[in-house]
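# with the sequence up front, the predicted model follows.
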Amino acid sequence: MDIGIMINRDDAEKLLAQLILNNKATNWEGLERTEEAIRERARIIRWANGNNALEGIPPPVKGSFLDRLLQHLINGDISSEQYIKILDARYKVK
């Protein structure tokens, strides 16, 4: 069985934009957007990137889709569940 990955950037970009609009329309309901929460999420992402570097995995390229997606997660624009949905939309195993 041949397994490959389909890259669906347009689908993921549309989903990200729609989720942010939906979250904003509900005044970010259920999302923690305090400065303390933003700092903590940024700390966790930096830690994860550091661990990835130990395994030879580089951090996301500045301005790339993943870099922007992580920044939306850090800022509290999307939830961690929405982050996973967007990644699922971006990378589909066929």
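Yep, that arrived.

# let me see the contact set for I86.
12, 15-16, 19, 69, 78 (C-beta atoms under 8 Å, 6 or more residues apart in numbering). From N, CA and C alone the C-beta is placed, and that goes for glycine too.

# try R68
Applying C-beta under 8 Å, 6+ apart, no residues qualify as near R68.

# same thing with R41?
73-74, 76 are the contacts of R41 under C-beta under 8 Å, 6+ apart.

# from those, which is closest to A25?
G76 (15.1 Å; C-beta to C-beta).

# neighbours around the closest residue to the closest one other than its chain neighbours, how many?
Using C-beta to C-beta, 6 or more residues apart in numbering and skipping the chain neighbours, the partner closest in space to G76 is R33 (3.7 Å). Neighbour count of R33, defined by other C-beta atoms under 10 Å: 12.

# show the pLDDT at R33.
R33 carries a pLDDT value of 97.

# for the helix or strand that Y83 is a member of, list every residue counted as buried.
Using DSSP states H and E, Y83 falls within helix 80-90. For helix 80-90, the buried set under the neighbour-count rule, 16 or more other C-beta atoms under 10 Å, comprises 82-83, 85-86, 89-90.

# would TSV of the residues you listed with pLDDT and distance to R39 be doable?
Output for these, formatted as TSV (pLDDT from 0 to 100; distance: C-beta to C-beta, whole Å):
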residue	pLDDT	distance to R39
Q82	97	20
Y83	96	18
K85	93	25
I86	93	23
A89	87	28
R90	87	27
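
# coming back round to it: from R46, how far off is the residue nearest to G76?
Distance of R33 to R46, given as C-beta to C-beta, to the nearest Å: 19 Å.

# L15 now?
26 Å.
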